[in-house]
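> Sequence below, structure please.
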Amino acid sequence: MKKKCKVLFSILLLLFFFLFLGVKTGIVQKLDNKIYEMIRMIQNEGLTQILKVITNLGGTIGLFSIALVTSLGLFLFHKRKEGIAVTLNLMISSVSYVILKNIIQRPRPPVEERLIEETAYSFPSGHSTNNMAFYVLLICFVYQNIKNKKLRNGISIGLGVIPIIIGFSRVYLRVHYISDVVAGFCLGIICVILFMSYGYQKIK
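Numbering: from 1, shown residues only. Just a heads-up that it's a prediction; the model follows:
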């Protein structure tokens, strides 16, 4: 693992750990509630419908469909290693958040406040974990394969915005707290760092 990756990995791991402690002690709940109050000020029917579509695109069926199309596209362009990596990385992030959800067992926001139906536990956000892991991996491939700096940076920024919007949709729709989403972002990037450092090179 490169030095910069080690530093980023350590920071993200610490942030995830502090968020976990904040959840268990209740310290982050005040911040979570404050964010809900701020979002309530911009809530309207049109935005709600848009974010419902976005959150579905970032869900299990939506994201895995996008990943499948991406993998097939990479295979067609003779990027077989990258195509396999997209699927493996997403599987790793999925297993990671499911295990942590069931260990931590944080309840979701109250049912009467939710704008969509959801089950299972809240921390970390699975949508945030998987989407961050998926799009950050794509950004890694963009930097590996595109030499034009402006094009590379433009595509990377576009890809990086997608998981942030999906994470926001989860808080807006009141099926996650902001701390769940930030923890999911941390976990997703951690999964990519570990995968690219120890798993990617082993793909034949």
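> C-alpha from now on. contacts and neighbour counts both.
Will do.
> Just say helix, strand or coil for V175.
Under DSSP: H, G, I helix; E, B strand; the rest coil, V175 falls in the coil class.
> residue contacts, it?
108-109, 114-118, 122 (C-alpha atoms under 8 Å, 6 or more residues apart in numbering).
> Next: N89.
Counting by C-alpha under 8 Å, 6+ apart, N89 touches 133-134, 137, 191-192, 195.
> And it, which helix or strand is it part of?
Assigned by DSSP states H and E, N89 belongs to helix 80-104.
> for that helix, which positions count as buried?
For helix 80-104, burial by neighbour count (16 or more other C-alpha atoms under 10 Å) applies to 80-90, 92-94, 96-98, 101.
> again with stretch 120-137
For stretch 120-137, by 16+ other C-alpha under 10 Å, it's 121-137.
> Filter the residues you listed down to just the ones in helices.
126-137 (DSSP state H).
> ok, the residues you listed vs L13, which is closest?
T129 (13.5 Å; C-alpha to C-alpha).
> That closest one contacts V95, doesn't it?
No. Look at T129 against V95 with C-alpha atoms under 8 Å: they stay out of range, at 10.4 Å.
> Going along the chain, name the helices of this structure.
3-25, 29-40, 45-57, 60-76, 80-104, 126-145, 149-172, 178-194.
> tell me the most buried of those?
Ranked by mean neighbour count, the helices of the chain are led by helix 178-194 with a mean of 25 (mean count of other C-alpha atoms under 10 Å).
> so how far is it off the chain centroid?
Centroid separation between helix 178-194 and its chain, computed with C-alpha atoms, centre = their mean, to the nearest Å, is 6 Å.
> Which strands and helices lie in contact with it?
helix 3-25, helix 29-40, helix 80-104, helix 126-145, helix 149-172 (3 or more C-alpha pairs under 8 Å, 6 or more residues apart in numbering; DSSP states H and E).
> what's the angle from the second one to helix 149-172?
Angle of helix 29-40 versus helix 149-172, following axes from the mean of the first three to the mean of the last three C-alpha atoms, to 10 degrees, is 100 degrees.
> got the CA positions of helix 29-40 in PDB?
What follows is helix 29-40, C-alpha atoms only, in PDB (Å, rounded to 0.1, in the frame of the first residue of the first chain):
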ATOM      1  CA  GLN A  29     -27.700  12.100  17.500                       C
ATOM      2  CA  LYS A  30     -27.900  15.900  18.100                       C
ATOM      3  CA  LEU A  31     -26.000  16.500  14.800                       C
ATOM      4  CA  ASP A  32     -28.200  14.000  13.000                       C
ATOM      5  CA  ASN A  33     -31.400  15.700  14.200                       C
ATOM      6  CA  LYS A  34     -30.000  19.100  13.300                       C
ATOM      7  CA  ILE A  35     -29.400  18.000   9.700                       C
ATOM      8  CA  TYR A  36     -32.900  16.700   9.500                       C
ATOM      9  CA  GLU A  37     -34.200  20.100  10.600                       C
ATOM     10  CA  MET A  38     -32.200  21.800   7.800                       C
ATOM     11  CA  ILE A  39     -33.400  19.300   5.200                       C
ATOM     12  CA  ARG A  40     -37.000  19.800   6.200                       C
END
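> For that helix, name the packing helices and strands.
If you count contacts as 3+ C-alpha pairs under 8 Å, 6+ apart, helix 29-40 packs onto helix 149-172, helix 178-194.
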